[in-house]
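Undergrad: from the sequence below, what's the structure:
(2 chains)
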2 protein chains.
Amino acid sequence: MSARLSAKEEYEKLLDSYDTWLFDCDGVLWRGDHLIDGVIEVLDILRRRNKKVVFVTNNATKSRKSYKTKFDQLGVETHVDEIYGSAYAAAVYLSTVVKIPKTKKVYVIGQGGLEEELRDEGVAFIGGTDPADNTLAPFSLSDFVLDPDVAAVVCGLDTQINYTKLSKAFQYLTRNPECLFIATNEDSTYPSAHGLLPGAGAISAPLRFSLGRSPVCTGKPSSTMLDCVKAKVHFIPERTIMVGDRLNTDILFGQNGGLATLLVLTGITRENEITGPNASPIVPDFVTQSLGDFRAVQ
Amino acid sequence: MSARLSAKEEYEKLLDSYDTWLFDCDGVLWRGDHLIDGVIEVLDILRRRNKKVVFVTNNATKSRKSYKTKFDQLGVETHVDEIYGSAYAAAVYLSTVVKIPKTKKVYVIGQGGLEEELRDEGVAFIGGTDPADNTLAPFSLSDFVLDPDVAAVVCGLDTQINYTKLSKAFQYLTRNPECLFIATNEDSTYPSAHGLLPGAGAISAPLRFSLGRSPVCTGKPSSTMLDCVKAKVHFIPERTIMVGDRLNTDILFGQNGGLATLLVLTGITRENEITGPNASPIVPDFVTQSLGDFRAVQ
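TA: Model (predicted):
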């Protein structure tokens, strides 16, 4: 059962117990364009106590640099190297975890943010926003020239998804059994400003289905994402806590990585999902109403 | 264990036992553009003995009318009403099995052949080849007007697949829990003239994944396809045999429908998939090398 935090001493104890604090963003720091009450003060408390803070998001259409503008707009202090998007994680996975040779490249299904992260990590790529692949013109294998240097297919949310991209990726993954298959994340839906749309997991779904093969996922809840954070940031798992609003991504991600977990109720998870007969089997270590509750220690 | 046919009496016995003969096409009647030896004579024998012949294909991009031209080109006599494509089956499923009201319509992800079959069965539709939906322009929910008369989404192979189509279908299926979700077939790959490409199952995969919901499938091996054949053709299952070259579509389709099954080895299935330690758990009733073997009865 989760420990429900309410007293000042309980918040103090958590601050003493964990040196590294991983945060999901939407539903924890803000909801859409609205900052959650008290977040700036609480992040300030953490920084003053020399806690390491890391922001972990599955958003793969934006690079860390462009994602930082969201923090800036809402007045939340951060540094680019504190932000881990799943696109950045995919780039780090290739550059630092599997160490793809410099002579090799990846075929991208994804948008500019994913390309920017690959470029910054020194990973060569084709596809992506290349106009030749962003077309509804008929695709014919007879016109297709396989690039022998493609050693991986990386798939993120791509609202320009089409049969040419899927067919090319399918060729790379079937003609070269060594070719890596990587998905930035497998979110089933994407929360647009006006409602839910198909998410990144829907973009890689045709390949998963046609190949009968699952990609390595570099987003939450996969522990591969934590491996990518580890490749860049030093932290001790026993002294690290993951704070999130989603049980099946954030909390599971923390649990998969052997971290403590704290659920906040300012996002997607409702009270009846953590208590009572229909509670989820994913049980966070701690629950509090809002990240702002940590102001109690002031 | 399957009975392996070889003697004239065995072929005679099969001809006596079954009145309705269902045939897969590619790998049974022809391979690509090459007719399999003896097929015309054997179909002629069946017709002379007053057998009912039905051709059952998962191809959903062609209407029956345009699929018939393939028969014509190879000199195989047939009539349009002997051909059951999965697109036709989807149209029959809507018009005759679930009896969609005339005031309702379907949202189509698919090509002209699927539209032609829907039109011929009197099922109103939107989407499909409509230029408004065949675009890579950004999709925004704020511009989207939900058509309240859409009562089903039908998804077939569509090489014009894009995020607008997926997003619209996703809206119809999430905003109206009663909305039917139909896939013409779930083939993982599509055999193009120059090699394999993602199949119809890859086109519906994003919706299956985002919705966490499986469509009703009107192609082999689903017994729904046989329900659609039954809606148009009278046959007695005990006196009916399904002839095919694929264990996991054709033979399973026959078994799911309570029909006898005959595997031919002129298509995809190899000898080692039906005998020995690695044999498939799907066991046809009868096996013969080629449909042409039935010439033995002449």
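Undergrad: all contacts plus neighbour counts: C-alpha atoms, from now on.
TA: OK.
Undergrad: list the residues that contact A:Arg239.
TA: By CA atoms under 8 Å, 6 or more residues apart in numbering or on different chains, the contact list for A:Arg239 reads A:17-20, A:259.
Undergrad: around chain B, pick out the residues from the stretch 101-250 of chain A.
TA: Within the stretch 101-250 of chain A, the residues that sit near chain B (CA under 8 Å from any CA of the partner chain) are A:134-136, A:138, A:140-142, A:159-163, A:166-167, A:170-171, A:188-189, A:194-195, A:197-199, A:201-207, A:209-211.
Undergrad: of the residues you listed, which belong to helices?
TA: A:163, A:166-167, A:170-171, A:201-207, A:209-211 (DSSP state H).
Undergrad: counting neighbours, which of those comes out on top?
TA: Scoring those on neighbours with other CA atoms under 10 Å in any protein chain shown, the highest-scoring entry is A:Ile203 at 33 neighbours.
Undergrad: pretty sure that one is touching A:Val154, no?
TA: No - A:Ile203 lies out of contact with A:Val154 (CA atoms under 8 Å); the separation is 10.9 Å.
Undergrad: filter the contacts of A:Arg239 to the buried ones?
TA: A:18-20, A:259 (16 or more other CA atoms under 10 Å in any protein chain shown).
Undergrad: mind picking the two most distant members of those residues?
TA: Spatially, the most separated pair among the buried ones among the contacts of A:Arg239 is A:Asp19 and A:Leu259, at 11.6 Å (CA to CA).
Undergrad: intersection of neighbour lists for these two?
TA: Residues touching both A:Asp19 and A:Leu259 by CA under 8 Å, 6+ apart: A:239-240.
Undergrad: that older thread, closest to B:Glu82 out of the ones in helices among the residues of the stretch 101-250 of chain A next to chain B?
TA: Among those, A:Ser210 lies closest to B:Glu82 (CA to CA), at 30.1 Å.
Undergrad: just the element for A:Val106, please.
TA: strand A:105-109 (DSSP states H and E).
Undergrad: tell me the strands beside that strand, with direction?
TA: Strand pairing for strand A:105-109, determined by DSSP bridges: strand A:124-127 (parallel), strand A:150-155 (parallel).
Undergrad: now do the first one, average pLDDT.
TA: It stands for strand A:124-127. For strand A:124-127, mean pLDDT rounds to 98.
Undergrad: ok, now the last one?
TA: When the per-residue pLDDT values of strand A:150-155 are averaged, the result is 98.
Undergrad: can you check stretch A:169-177 too?
TA: Mean pLDDT, computed over stretch A:169-177, is 96.
Undergrad: which residues are in contact with it?
TA: Contacts of stretch A:169-177 (CA under 8 Å, 6+ apart): A:107, A:146, A:150, A:152-153, A:179-181, A:207, A:210-211, B:197-198.
Undergrad: would you map the strands across the stretch 1-150 of chain A?
TA: For the stretch 1-150 of chain A, strands defined by DSSP state E, counting those that start in this stretch occupy the ranges A:3-4, A:20-23, A:30-31, A:34-35, A:52-57, A:83-85, A:105-109, A:124-127, A:150-155.
Undergrad: include distance to A:Gly267 when you put those strands into a markdown table, please.
TA: Compiled in a markdown table, those are given as follows (distance: least, CA to CA, whole Å):
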| stretch | distance to A:Gly267 |
| --- | --- |
| strand A:3-4 | 17 |
| strand A:20-23 | 13 |
| strand A:30-31 | 7 |
| strand A:34-35 | 12 |
| strand A:52-57 | 14 |
| strand A:83-85 | 19 |
| strand A:105-109 | 29 |
| strand A:124-127 | 35 |
| strand A:150-155 | 27 |
